[in-house]
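Student: Predicted model and sequence below, questions to follow.
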Amino acid sequence: MRSTRRLALVASTAIGLGLTPTWSAAAQSSDYVCPLKGSPQIRPPDAVASSGGGFDASRSGGRRHGALDLNDTEGAPVFAVHGGTVALSAGAWGPFGSTIIIDHGDGTYSLYAHLSDRMVHEGDSISAGEQIGSVGYTGNAAALRAKGLPPHLHFALIQATKSGLAGPGGPLRRMRNLDDSWESPGAEFTGPVNPESYLPSSCWTGS
């Protein structure tokens with residue numbers, strides 16, 4: 001559970017940025033909205049990942065999956081879950097492929113990976129619910145296409161001690177070399193946190 005202080009920080013950030021969700025009737029009081037339309041399925045076990053794409057699913061080498069993989073169709077729109085500033089917008093970003101990271105200004109960051117395209121640039125101000133890209137097969141998700149499996153949005157929420165850690169030269173960019181595991185990019189980070197703590201339960205189905 002988030003602390004009262006955490007809720008106050010998010011509320012004050014939302015007021016200061018004037019966030020207005022463009023589509024999500026289920027947004028929580030903290031103004032977090034769903035990254036995809038509808039309630040896409042959390043990736044079940046498949047031929048590429050036998051444990052599926054749930055948060056904390058097991059990965060090779062004893063690692064854990066620090067994100068949710070949300071199955072959808074190629075080209076489906078991807079939305080910012082909360083207002084903030086685009087800290088990273090990059091193609092071919094290691095195993096993540098085409099990737100966006102948004103700095104929400106309160107020590108929380110959201111990451112969207114395997115995108116087919118990106119509609120925002122670094123430094124752009126983003127509102128909750130604004131489309132930022134589309135679902136794709138980039139990065140190591142290319143293995144899914146090869147096996148005839150659906151694409152997914154690799155969606156992560158990352159908690160840190162402060163804002164400003166994902167810009168050029170920032171420590172959060174070390175995630176490019178960490179894949180989707182629990183390894184921390186530095187002492188400033190708590191690490192990935194379960195998106196279910198922030199987003200409406202209607203944002204996905206499955207476990």
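Tutor: Nice, thanks for sending it over.
Student: for residue 89, which residues make a bridge with it?
Tutor: On the basis of DSSP bridges, residue 89 is bridged to residue 100.
Student: and it, what pLDDT?
Tutor: For residue 89, the pLDDT comes out at 98.
Student: Quick check: the gap between the closest residue to residue 126 other than its chain neighbours and residue 183.
Tutor: Distances taken as C-beta to C-beta, 6 or more residues apart in numbering place residue 80 nearest to residue 126, at 4.6 Å, with adjacent residues excluded. Placement of C-beta: from N, CA and C, glycine included. Per C-beta to C-beta, to the nearest Å, residue 80 is found 25 Å from residue 183.
Student: neighbour count winner among the two?
Tutor: residue 80 (27 against 16; other C-beta atoms under 10 Å).
Student: Would you agree that one is in contact with residue 133?
Tutor: No - using C-beta atoms under 8 Å, residue 80 is not in contact with residue 133, being 9.6 Å away.
Student: Residue 86 is in contact with residue 121, isn't it?
Tutor: Yes - the pair residue 86 and residue 121 qualifies as a contact (C-beta under 8 Å) at a distance of 6.5 Å.
Student: what about these two, which has more around it?
Tutor: A direct count of neighbours by other C-beta under 10 Å for residue 86 and residue 121 places residue 86 higher, at 21 against 9.
Student: What strand or helix carries the more buried one?
Tutor: strand 84-90 (DSSP states H and E).
Student: And the contacts of that strand?
Tutor: 17, 98-105, 109-110, 118, 120-126, 132, 166-167, 170, 172-173 (C-beta atoms under 8 Å, 6 or more residues apart in numbering).
Student: Apply the buried test to those residues and list what passes.
Tutor: Buried by 16 or more other C-beta atoms under 10 Å: 17, 98-105, 109-110, 118, 120, 124, 126, 132, 166-167, 170, 172-173, out of the contacts of strand 84-90.
Student: Looking at these, which are in strands?
Tutor: 98, 99, 100, 101, 102, 103, 109, 110, 118, 126, 132 (DSSP state E).
Student: ok, now how distant is the fourth one from residue 200?
Tutor: Pointing back at residue 101 there. For residue 101, the distance to residue 200 - C-beta to C-beta - is 22 Å.
Student: now the last one
Tutor: To residue 200, residue 132 is 19 Å away according to C-beta to C-beta.
Student: Right, I'll call it a day here.
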